[in-house]
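Build the 3D model from these lines:
(chains A, B and C)
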Amino acid sequence: MSTQSLETPRARRLSPWPFILLAIAVAVPLLPYFTNVSHFVLSIFMQASTYAIAVLGMVVVLGYTGQINLAQAAFFGFGAYGVALGTVSYGLSFWLSLAMGIGIAGLAGGILGLTTLRLGGHYLAMITISFQQIFDLVAVNWIQVTHGPDGIAGIARPSLFGHDLSDDRAYLLLCSLVLYAMMAAVWYLPQTRLGRAMRGVRENELAAEVVGVHTLRTKVIAFTLCAALGGVGGGLYAGGFAYISPDNFNFQRAVEFLSMVLLGGVQSPFGGALGTTLLILLPEWLKEMPPSLQFIKDVYLAIYGLAVILIMVFMPEGIWGLLRSKWMKFGRTAPVDTSGIKLLNLDIAVTEATPLLKLEGLRKYFGGLRAVDGIDLEISRGTVHALIGPNGSGKTTTLNVVNGIYRPTGGRIIIDGSDVTLKSPHERAAHGLGRTFQNIRLFPSMSALENVIVGAQRDNNPIEPGGKALVARAMSALQFVGLADRADAIVRSLPYGHQRLVEIARALAGHPKLLLLDEPAAGLNQTEKMELVELLKKLRSGHGLTVFLIDHDMGLVEKVSDRITVLNFGKKIAEGTPQEVLRHPDVIAAYLGDSNAAA
Amino acid sequence: MRVSLLCALSAGAMASLFVFSAAADSVRIGLISEITGPNAEAGSYTVNGARLAVDAVNKKGGILGKQIELVIEDNQSTNPGTVLAFSKLGGNTDIPAIIGPIRSTQVQAASPTIQKAGIPVMIGGTDPSLTHVNNPWVFRCRPNDTFSSRVIADFGVTKLKLKKWAIVHSTDAFGSGGQKALVDALKTLGVEPVLIQGYTNNSQDFTPVVLAIKKSGADVIGTYMTNSQDLGIFAKQLRQLGVAATWVGSPSIVTDTAMKLAGESLHGTYGIADFNPDANAEAKIFATAYRAKYNLEPDVYSSWAYDALNVIAAAMNAAKSTKPDDVRKAILGLKNWKGVEGNYTFDENGDGLRGYNIVKNEGGKVKFVEHINVDK
Amino acid sequence: MDALANNFQVLFQGLALGSIYALVALGFVLIIRATNVVNFAQGDFAMLGAYLMVAFMVSAGLPYWLSFLLALVGMGLFGLVFNYGVYYPLRHRGFLPVIISTLGASIFLQNTVLAIFGAQPKRLDNVVAGGIQIGSVFLDSQYLVILAVTMVMVAFQYFFFEHTMLGKKLQATSQDKDMARLLGIPVALMIAITFVYSSALGGLAGVLVGPVLFVSIGMGSIIALKAFAATIIGGFGDVKGAIVGGLFIGVIESFAAFYISVPYKDAYAFLMLFLVLVFRPQGFFGERVSEKA
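From the prediction side, this is the model:
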């Protein structure tokens, strides 16, 4: 996969700090072989490296996917108990026990994700806390299996390829190598298909679902990965300390993991590792402080709590975010190479005469409110069809039902011959349905290119497999809307009009058969509106793409539409060519009765 | 600016791991206790007790003519913290002995580390198994729970002549260990308890427990409860729901906090206490000095640490050495050594005490009843 | 030994503790409705209220009712500080940063109180000593007070939100902030008032439950977990649901502890939560979770 152009602005002249950190990272696990390091110091390092692996899980689930997890200590515990019980109680080999521990942790994470992720935010926080508490209760009370609060002692260390790892130094080396490998994997993850899907979920879950990301699956995978990383860390921890007990894995530890990842930087594995190291060393450092500052020890945890608030308010990207922005100032962004971008292929073969979209008696009620009340509609292939009507007439609701965001109260939706009434939005995207939103829904902290790639990576997109084709497709889409030179710009920093274009490019990158545009002109100034009209005309000109749009701007609608349908109070009151419809007496009445009409 | 500050901080933290300051002309004794975390208050009493003993020993000439320096290490009130603390002090060759924690799980956690360190460690955890894991370096300066349960059983069955026992215990390590030992002790006296009821710490309501006791028709309740809130709530509800059975509890029943919380619900109950200021001459001396120095009431947290440090000093002075093996032999050689908590004679497992004081809560005051020794 | 009496006793205890969960849950719900975020420090409001009571009544020796008043006023002020310190700076940043921030606040509060008051739990006395004995059933006076106050607060809640101008403005704010803003309602002020009110409500719960559970650092966390479970079981963001959910959890865990097993008492609430989430995610009274495009 080509990663060159995928990355956020690239520095030309790098600061020396990353190399110094790298050198330290390599040196620390090797140091004990060259100089005498006490058992205590080795223990601290082992603790840091195994905790950091668990914290990497938090990077995946919280940093990348934006889902809160307050049960990481429980997943850590699964790994640790797996190794401890496997080796001590059942006499299994270390590696088998470790694998089982990781497997159980991953499974628990997946199940937790499946049953609860659909419920989102607060529920998830609560569910993970409950899960954590139950884990603790069981670990303490199920004495026959877990050995209860006394914990399990005498956990042996393994050997690997004939090398005995019972020596502290060798074991630390193992933990470090696993940590570095996991860090590399977690670092690489955002640039993969899955990683982009995760970030899409974090940035705007609804938009991600609509452009074709299976959001539930993505979240479950994120949770499984997170839990499995917790299991890896926990298993290695058990081997490292030869003793575990439930108070290693309680809610307080889960909050500690959370604090570590927040402090270091939730978006990056390096941040996670940095935060872990700092918070493990901090108590040791506090102990050595002069007596006048010893009072800090008493309020140490209070400071911890305060720090969490302050980090959230002032340093949302953590220490790593600060360091990164500092180091990045050294270089300038390289301009995007726009030569050699292929023309965007939007061709849809118009072979059948049947309508592309067919709504049959579509209804959507919210309690007593009949937002959409029995609409029949047919949209012919390759046409631009507009839906207009006064405010509250049910336009956006219709679009949301067509899109799958709302499940209809009754009626059927048929796209290209197949009934999609019960399909989820991402399945409809895979069926060739694209969409933009009235209040733009992009992935604000990702680059324009990344946004569009998420659109291009929908299932069944007729492009070649592989990352190169995705990038090429996305660049073509950006070129089509005239923003190829801004491909590397973070979307949040783009002007409003450009953001709208990026959203259109994201929809086009998925090569849709049907494109839903929800008030594309909303919030645009006159020049931008003119550009939009040109763009819409370009879309119409013979690609076979079908467009279904809502707008208040009658001028725009008239210029770009082949046919117009008018809604009022959730019912269709008129349909026809622009000329027919705009002269229809019912339409005029409907609009005159509505003072907010923009016509 | 912020970055460099950060670097300085982390460098400092790293450096602190490697630097140990060592004073040459003193004997450095380690003390691992709960300086921070939920049990920090108990930890501070332990430090008080140990410091008082250091002062006393130093005044009398110290150990082998050298002054004692106490090296205090925090275990953050957790098991992993304890393991780390032991590996820190234990890896330090100029510390010849350590006073360890009073919590059984913490000792359990650190046991392999103690074995690796190979120096005498005095402990206050009362779980019987701690001294029965073939670890030659663990010495207990409190009577273990087999003795506490035997004293409770003996006092209830033989002295009070009560045979229908209900046992209420926390499900934590201390509580379940005590429960098992009490069942065994009662069995040797020919008594089968009519009810054994566990609960998790920080239970908010003991009504089901009390109703179960009521139903069982018990005339005596033996308890192993960890938290004073739990003890307080249980005591209140027990009396409110009209259970008048005699109550003989583990040491937590006569702690200051529990008595304050429960108030008159605990009046008339019996408890066992390894420390009581009126129990013997040493205890009286210790209590007076402790009150004078700290303006606090002495308790078990301070008294056991006081004894532990004195035992170390006595053993080193007797051995004329601070070498671990010599000190170990000297500790095992102490016969009827008079301490605050009783007379110490260490058996081959490292248990120094085999008796408890029975005390009674009389109108909110702890009255010394008798000292029961259960030497075989 | 009367089985009926036992059952009644268990029911009574369950309802009383359930009332406390309900009061804290009510505070949760009000903040959820006003800000769309869960305040994970809600339980610590109860803890803080109880410690303020200890400070005024036990340490400073003030009379009960004055201490009571001061504690509630203190908690109200604290709610204001909490609003501006923990919520306000993050109000535009989505729910995750706010949740984490309230978690941080929880840790901060617990450990600050720990540093000031120490780890040993404190005692508060019942408002009225004693209780009522009916046969073998004993009704503790404090539990009766808790039940009574909860009922009064529920009635007040209803009256306040349905029949006062301020209450209606608060409701409008919780239903649609943009619309409220258009109507000239000062939304930021309304949210601040919500924090003040739920902080005082949490404090009230703490003051009431102090004599029963004693005053300790951890008292808030466990109540908050149950209260949060109550808000979800009752229906997320539903006032009626919070109260019914709280009572439900109190009764369920009381009976389950009596009939099934005492050590697993805390697990029952979470088990109920799991079951409700799997089979009726909207809770008893909630509407289906509806997404908005």
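
residues near C:Ile134, how many?
Applying other Cβ atoms under 10 Å in any protein chain shown, we find 11 other residues in the vicinity of C:Ile134. Where you see a C-beta, it was placed from the backbone N, CA and C, and this is true even at glycine.

Who does it form a beta bridge with?
C:Val137 (DSSP bridges).

ok and the residue in the stretch 201-350 of chain B nearest chain C?
As assessed by Cβ to the nearest Cβ, chain C sits closest to B:Pro208 within the stretch 201-350 of chain B, at 4.0 Å.

residue contacts, the closest residue to B:Asn276 other than its chain neighbours?
Among residues not flanking B:Asn276 along the chain, B:Asn357 sits closest, at 4.5 Å (Cβ to Cβ, 6 or more residues apart in numbering or on different chains). Taking Cβ atoms under 8 Å, 6 or more residues apart in numbering or on different chains as the contact definition, B:Asn357 lies against B:272-276, B:279, B:368-372.

are any of these buried, and which?
B:272-276, B:279, B:368-369, B:372 (16 or more other Cβ atoms under 10 Å in any protein chain shown).

Quickly find the element holding the residue nearest to B:Asn276.
strand B:355-362 (DSSP states H and E).

which of the residues in that strand are buried?
So, applying 16+ other Cβ under 10 Å, buried residues of strand B:355-362: B:355-361.

Kindly reformat these as TSV containing pLDDT.
Output for the buried residues of strand B:355-362, formatted as TSV (pLDDT from 0 to 100):
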residue	pLDDT
B:Gly355	87
B:Tyr356	90
B:Asn357	91
B:Ile358	93
B:Val359	93
B:Lys360	94
B:Asn361	93
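
Looking at the residues you listed, which one is closest to A:Leu107?
The shortest approach to A:Leu107 among the buried residues of strand B:355-362 belongs to B:Tyr356, at 48.9 Å (Cβ to Cβ).

Can you give me the buried ones in the longest helix seen in chain A?
Identified as the longest helix of chain A according to DSSP state H is helix A:215-241. By neighbour count, and taking 16+ other Cβ under 10 Å as the criterion, the buried residues in helix A:215-241 are A:215-216, A:218-241.

Stretch A:345-362 now?
Of the residues in stretch A:345-362, A:346, A:348, A:350, A:355-360, A:362 count as buried by neighbour count, 16+ other Cβ under 10 Å.

Now whichever helix or strand comes after the strand holding B:Asn357: average pLDDT?
Scanning the chain past strand B:355-362 towards its C-terminal end, the next helix or strand to appear is strand B:365-373 (assignment: DSSP H and E). Per-residue pLDDT values over strand B:365-373 give a mean of 89.

partner strands of strand B:365-373, parallel or antiparallel?
Partner strands and pairing direction for strand B:365-373 (DSSP bridges) are strand B:355-362 (antiparallel).

Those residues of the stretch 1-150 of chain B touching chain C, which are they?
Contact residues, the stretch 1-150 of chain B versus chain C (Cβ under 8 Å from any Cβ of the partner chain): B:38-42.

and of those, the nearest to C:Gly118?
B:Glu41 (5.4 Å).

Verify the contact between the closest one and C:Ala115 for me.
No: applying Cβ atoms under 8 Å as the test, B:Glu41 and C:Ala115 come out as separate, 11.4 Å apart.

In the chain, what residue spans correspond to strands?
Picking chain A for this. Using DSSP state E, the strands of chain A run over A:152-153, A:159-160, A:163-164, A:243-244, A:357-366, A:369-379, A:384-388, A:410-415, A:418-419, A:433-436, A:514-518, A:546-550, A:563-568, A:571-576.

right idea, wrong chain: chain B
With strands called from DSSP E, chain B shows them at B:26-33, B:67-74, B:97-99, B:121-123, B:138-140, B:165-170, B:195-199, B:220-224, B:246-249, B:270-273, B:337-339, B:342-344, B:355-362, B:365-373.

Name the residues that touch the last one?
Looking back up the chat, that one is strand B:365-373. When contacts are taken as Cβ under 8 Å, 6+ apart, the neighbours of strand B:365-373 outside the stretch itself are B:151, B:154-155, B:254, B:259, B:270-271, B:273, B:276, B:278-280, B:342, B:354-361.

Distance check, B:Asp326 against B:Val121.
Going from B:Asp326 to B:Val121 by Cβ to Cβ, to the nearest Å gives 16 Å.

In terms of neighbours, single out the busier of the two.
More neighbours sit around B:Val121 than around the other of B:Asp326 and B:Val121, counting by other Cβ under 10 Å; the figures are 30 against 16.

residues in contact with the more buried one?
Neighbour list for B:Val121: B:86, B:97-100, B:114, B:137-139 [criterion: Cβ under 8 Å, 6+ apart].

of these, closest to chain A?
In terms of Cβ to the nearest Cβ, no member of the contacts of B:Val121 lies closer to chain A than B:Phe86, at 8.7 Å.

Tell me who's in contact with the closest one.
With Cβ under 8 Å, 6+ apart as the criterion, the residues that contact B:Phe86 are B:32, B:98, B:100, B:110, B:113-114, B:117, B:121.

Same question for A:Leu137.
By Cβ under 8 Å, 6+ apart, the residues touching A:Leu137 are B:200, C:264, C:266-267.

ok, those vs chain A, which is closest?
Set against chain A, the nearest of the contacts of A:Leu137 by Cβ to the nearest Cβ is C:Ala267 (5.4 Å).

wait, isn't that closest one in contact with A:Asp136?
No: in this structure, C:Ala267 sits apart from A:Asp136 without contact. The criterion is Cβ under 8 Å, and the distance is 10.0 Å.

who has more neighbours, those two?
Looking at C:Ala267 and A:Asp136 with other Cβ under 10 Å, you find the greater number of neighbours at A:Asp136, namely 23 against 19.

show me what contacts the nearest residue to that one once chain neighbours are set aside?
Once its chain neighbours are removed from consideration, A:Asp136 has its nearest residue in A:Asn250; the separation is 5.0 Å (Cβ to Cβ, 6+ apart). Taking Cβ under 8 Å, 6+ apart as the contact definition, A:Asn250 lies against A:73, A:132, A:136.

burial count for the residue in the stretch 401-550 of chain A that chain C sits nearest to?
Taking Cβ to the nearest Cβ as the measure, the stretch 401-550 of chain A has A:Ile405 as its residue closest to chain C, at 4.9 Å. Taking other Cβ under 10 Å as the neighbour definition, A:Ile405 ends up with a count of 21.

Could you do the one 10 residues further on as well?
Neighbour count for A:Ile415, taken as other Cβ under 10 Å: 23.

and the least confident of the contacts of A:Leu137?
The member of the contacts of A:Leu137 with the lowest model confidence is C:Asp266, at 78 (criterion: pLDDT).

for chain C, what are the low-confidence residue spans?
Low-confidence regions of chain C, defined by pLDDT under 70, span residues C:1, C:286-293.

I meant to write chain A there.
For chain A, the stretches with pLDDT under 70 are A:1-14, A:115-122, A:286-298, A:328-335, A:542, A:592-599.
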